[in-house]
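Q: Okay, predicted coordinates and the sequence, questions at the end:
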Amino acid sequence: MNAVGNPESQVYGIAAEFQSARDLYHAAEKIRDAGFQKWDVFSPFPIHGMDEAMGMKKSILGKLVFFGGLTGFLAAVTLEFGTSSFLYPLIVAGKPTNLYTVPAFFPIMFELTILLSAFTAVFGMLILNGLPRLNHQLFNWERFKLVTEDKFFVAIESDDPKFSSRSVRDFLESLGGTHITTIHGD
Amino acid sequence: MSNASASAEPAEQLTAEEKQLVRAPLVLNKRTMGWISDYISSIVEGKTPTWWYVSMAITVPLTLMCLAMLAYLIATGVGVWGNNHPVGWAWDITNFVFWIGIGHAGTLISAILFLTRQKWRTSINRAAEAMTLFAVVCAGIYPALHVGRVWMAWWLAPVPNANAIWQNFRSPLLWDVFAVSTYFTVSVLFWYTGLIPDLATLRDRCKTKIRKFIYGVLALGWRGGNRQWRHYEMAYLILAGLSTPLVLSVHSVVSFDFATSVVPGWHTTIFPPYFVAGAIFGGFAMVLTIMIPACAVYKPLHDLVTIDHVDKMCKIILLTGSIVGYAYLMELFIAWYGANPYEKAAFWYRAFGPYWWAYWSMMFCNVIAPQFFWFKFFRTHLVWVWILVQFPNAGMWFERFVIIATTLARDFMPSAWGMFHPTWVDILTFVGTFGLFGTLFLLFIRFLPMICMFEVKAVLPEADPHHGEAHH
């Protein structure tokens, strides 16, 4: 079996290449059924239905964004009522400074809700994905560069409780994986 | 590429009835995933073509001219523009609304067509979103500069000014500050989020160390694992869901700048939907204006941006142009039916007053010219499409000029009437913004993938994990 990275350092995991989204999908179903925990499939584009094939739940990002949006909304409420009703009641064209002024305050509440929701969506996604990062053990493998082109990969990490290099290699081979390689760290 | 050879045509096993339901392929000539990466990346990786230098030789001087005009304005005062009593808003706000409207088509393509699952959007959304950003950059110049003393522009930000007085949050002008800055920020986030997987593609193909470093940092360490894709797809869906009401709100808020005033011709409730429809109309015209030449230069892109795409965009122009035409007629009807003499006079002056030429140019460009798109011939012949979309481009500028300058030139009291004449600074600044827009777009084509590679790969038949299996 091939090995990449610094052979002295810890093994990150074992990876294999697949040729199509269909093969990757079926491999994922079998890895899920075999009970592995720390593994991932890699593809040039998101594959429809892969979350179920891997046995994963829906992303929690939506819940985070709700709280981000709520923060934006409350920030606008505080900013508008705080400054225009309490700090220095600003009476323009005889308009009220109390609760009746909500319609005129609404556009900024809306914009700040959207703004903070969008920030939460993007930065929340990056944090959940452990990004940004400058390097990763998988980048030690030259073939892995094809993942952003047209190849598909599976990697089972050595942290997985069921991991043993011989059985994982045989298992990946039985799934139809090629170029099976042990990935070391730097 | 094994993907191509493995793909048996599933349509062969279908009955005649089922075959009618099979959609036309989005990517022509059975291009493979490898071809998509290779071709689109090669535009960025290859030698800089001569036409690019020639184009830059035109747009960069125009950009510099724009900057010189702005420097002259800041150094001398806002009086170098033709704005004066009674036309206090003139070309500055006309051009602001014109540019910001153009941006709307990009967000419509990237957000609304995403939510409505219009998969054909995938090959045009990247360039359209870039167009959005660059148009908003051009738009942003005007409100920032027209305040006169630019160094006081921070008074727009929600911090107390010198007398500890806060902004008037009930003012549509302040709503506009929040709407436009939110729109720009969210558009940048949306665009960059979409770029991450494609930047990773460029990173993985790099040959030189400098490129590898730059694209490597920009790609943020993207690996394309499904544990990443699942949060990524959720983020993209949420951004699309946020951008949809946002884009509709931005031009509504822009229209509030006018609609909440008491000036006859501005004080109407039809403005928000009418402005949004007009923005999409003018924006799609600009998308076609720049995409048709880009695909003419890079001919194989016709397999990704097909005649079908152009056809669909022309239909959207026809639809939104008809909405705009309806709004014009409804304004006239209400001016008569509303029995308000000032309102009636305002519309009379628009059509038959001193700015009649602008009104009838607007009517011809926005209402008459797009009607050619009822005919398939005009929707599918690229030269005709390109010529015809210049009418909406010009017409939407005339629309904003008619709404702003004619209305202010003729309000309640004849003693307060006056005319607006643009100065040479007005004209050169506006021409210069086209140079800025062009320069930014040329830089985008040269250094970033102008088509969203990973999304186009995902709409290929072999991207389906059940491709080639029995249908269930």
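A: It's in.

Q: Neighbours of the residue lying closest to residue B:166 once chain neighbours are set aside, how many?
A: The shortest distance from residue B:166 to any non-neighbouring residue, by C-beta to C-beta, 6 or more residues apart in numbering or on different chains, is to residue A:83 (3.8 Å). From N, CA and C alone the C-beta is placed, and that goes for glycine too. A count of neighbours around residue A:83, defined by other C-beta atoms under 10 Å in any protein chain shown, yields 20.

Q: now the one 10 residues further on
A: Using other C-beta under 10 Å, the number of residues around residue A:93 comes to 7.

Q: can you check residue B:246 too?
A: 25.

Q: check contacts around the residue nearest to residue B:166.
A: A:90, B:158, B:160, B:166, B:167, B:169 (C-beta atoms under 8 Å, 6 or more residues apart in numbering or on different chains).

Q: Just the residues contacting stretch A:158-167, thanks.
A: Contacting residues not belonging to stretch A:158-167 are listed as A:1, A:10-14, A:34-39, A:156-157, A:182 [C-beta under 8 Å, 6+ apart].

Q: now, among those residues, which is nearest to chain B?
A: The shortest distance between chain B and any of the contacts of stretch A:158-167, using C-beta to the nearest C-beta, involves residue A:39 and amounts to 9.2 Å.

Q: residues touching that closest one, list them.
A: Residue A:39 is in contact with A:13, A:31, A:154, A:155, A:156, A:157, A:160, counting by C-beta under 8 Å, 6+ apart.

Q: what does residue B:211 give?
A: Neighbouring residues of residue B:211 by C-beta under 8 Å, 6+ apart: residue B:202.

Q: does it count as helix, strand or coil?
A: When classified by DSSP: H, G, I helix; E, B strand; the rest coil, residue B:211 comes out as helix.

Q: so what's it scoring on pLDDT?
A: Per-residue confidence at residue B:211 stands at 90 (pLDDT).

Q: Go ahead and flag the most central residue of chain A.
A: Residue closest to the mean C-alpha point of chain A, counted by C-alpha atoms, centre = their mean, is residue A:129 at 3.7 Å.

Q: in the helix or strand harbouring residue B:75, what's buried?
A: Per DSSP states H and E: residue B:75 is located in helix B:50-76. Judged by neighbour count (16 or more other C-beta atoms under 10 Å in any protein chain shown), helix B:50-76 contains these buried residues: B:55, B:56, B:59, B:62, B:63, B:65, B:66, B:69, B:70, B:73.

Q: cool, and stretch B:105-123?
A: When neighbours are counted by 16+ other C-beta under 10 Å, the buried residues of stretch B:105-123 are found to be B:105-114, B:120-123.

Q: Using a markdown table, lay out the residues you listed together with distance to residue A:49, pLDDT and secondary structure.
A: Listed next are these as a markdown table, based on distance: C-beta to C-beta, whole Å; pLDDT from 0 to 100; DSSP: H, G, I helix; E, B strand; the rest coil:
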| residue | distance to residue A:49 | pLDDT | secondary structure |
| --- | --- | --- | --- |
| B:105 | 32 | 82 | helix |
| B:106 | 30 | 85 | helix |
| B:107 | 29 | 86 | helix |
| B:108 | 28 | 84 | helix |
| B:109 | 26 | 83 | helix |
| B:110 | 24 | 84 | helix |
| B:111 | 24 | 88 | helix |
| B:112 | 25 | 86 | helix |
| B:113 | 22 | 86 | helix |
| B:114 | 19 | 87 | helix |
| B:120 | 22 | 84 | helix |
| B:121 | 21 | 85 | helix |
| B:122 | 19 | 86 | helix |
| B:123 | 23 | 86 | helix |
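
Q: what's the helix holding residue B:75 packed up against?
A: With contacts defined as 3 or more C-beta pairs under 8 Å, 6 or more residues apart in numbering or on different chains; DSSP states H and E, the secondary structure elements packing on helix B:50-76 are helix B:125-146, helix B:424-447.

Q: How about whichever residue of the stretch 1-150 of chain B sits closest to chain A: what's its closest non-neighbour residue?
A: Distance from chain A to each residue of the stretch 1-150 of chain B (C-beta to the nearest C-beta) is smallest for residue B:33, at 3.6 Å. Sequence neighbours aside, residue A:150 is the residue nearest to residue B:33 in space, at 3.6 Å (criterion: C-beta to C-beta, 6+ apart).

Q: Also residue B:313?
A: Closest residue to residue B:313 apart from its sequence neighbours, by C-beta to C-beta, 6+ apart: residue B:284 at 5.3 Å.

Q: What helix or strand is the one you found located in?
A: Short version, using DSSP H and E: residue B:284 is in helix B:271-297.

Q: Could I get the buried residue list for that helix?
A: Per 16+ other C-beta under 10 Å, helix B:271-297 contains these buried residues: B:271-272, B:274-292, B:294-295.

Q: what angle do that helix and helix B:50-76 make?
A: Orientation note: helix B:271-297 sits at an angle of 140 degrees relative to helix B:50-76 (axes from the mean of the first three to the mean of the last three C-alpha atoms, to 10 degrees).

Q: could you point out which element follows helix B:271-297?
A: If you walk from helix B:271-297 toward the C-terminus, the next helix or strand you reach (DSSP H and E) is helix B:307-337.

Q: moving C-terminal of that following helix, what's the next helix or strand?
A: Beyond helix B:307-337 in the direction of the C-terminus, DSSP H and E gives the next helix or strand as helix B:341-352.

Q: avg pLDDT for that next one?
A: Computed over helix B:341-352, the average pLDDT equals 92.

Q: Output that helix as CSV, nothing but the C-alphas.
A: Output in CSV follows, covering the C-alpha atoms of helix B:341-352 (Å, rounded to 0.1, in the frame of the first residue of the first chain):
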residue,chain,number,x,y,z
PRO,B,341,-54.3,69.2,-10.7
TYR,B,342,-50.6,69.2,-9.7
GLU,B,343,-50.3,65.5,-10.4
LYS,B,344,-52.0,65.9,-13.7
ALA,B,345,-49.7,68.9,-14.6
ALA,B,346,-46.6,66.9,-13.6
PHE,B,347,-47.4,64.1,-16.1
TRP,B,348,-48.4,66.6,-18.7
TYR,B,349,-45.0,68.3,-18.4
ARG,B,350,-43.2,64.9,-18.5
ALA,B,351,-44.8,64.1,-21.9
PHE,B,352,-45.1,67.5,-23.5
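
Q: Just the pLDDT for whatever residue of the stretch 251-400 of chain B ends up closest to chain A.
A: When scored by C-beta to the nearest C-beta, the stretch 251-400 of chain B has residue B:253 as its residue closest to chain A, at 5.8 Å. Here, the pLDDT recorded for residue B:253 equals 93.

Q: Where does it sit, in terms of helix or strand?
A: In this assignment (DSSP H and E), residue B:253 forms part of helix B:226-259.

Q: Now neighbour count and pLDDT too, for the contacts of residue A:83, in JSON lines please.
A: Compiled in JSON lines, the contacts of residue A:83 are given as follows (neighbours: other C-beta atoms under 10 Å in any protein chain shown; pLDDT from 0 to 100):
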{"residue": "A:90", "neighbour count": "16", "pLDDT": "79"}
{"residue": "B:158", "neighbour count": "17", "pLDDT": "86"}
{"residue": "B:160", "neighbour count": "13", "pLDDT": "84"}
{"residue": "B:166", "neighbour count": "17", "pLDDT": "86"}
{"residue": "B:167", "neighbour count": "23", "pLDDT": "86"}
{"residue": "B:169", "neighbour count": "24", "pLDDT": "89"}
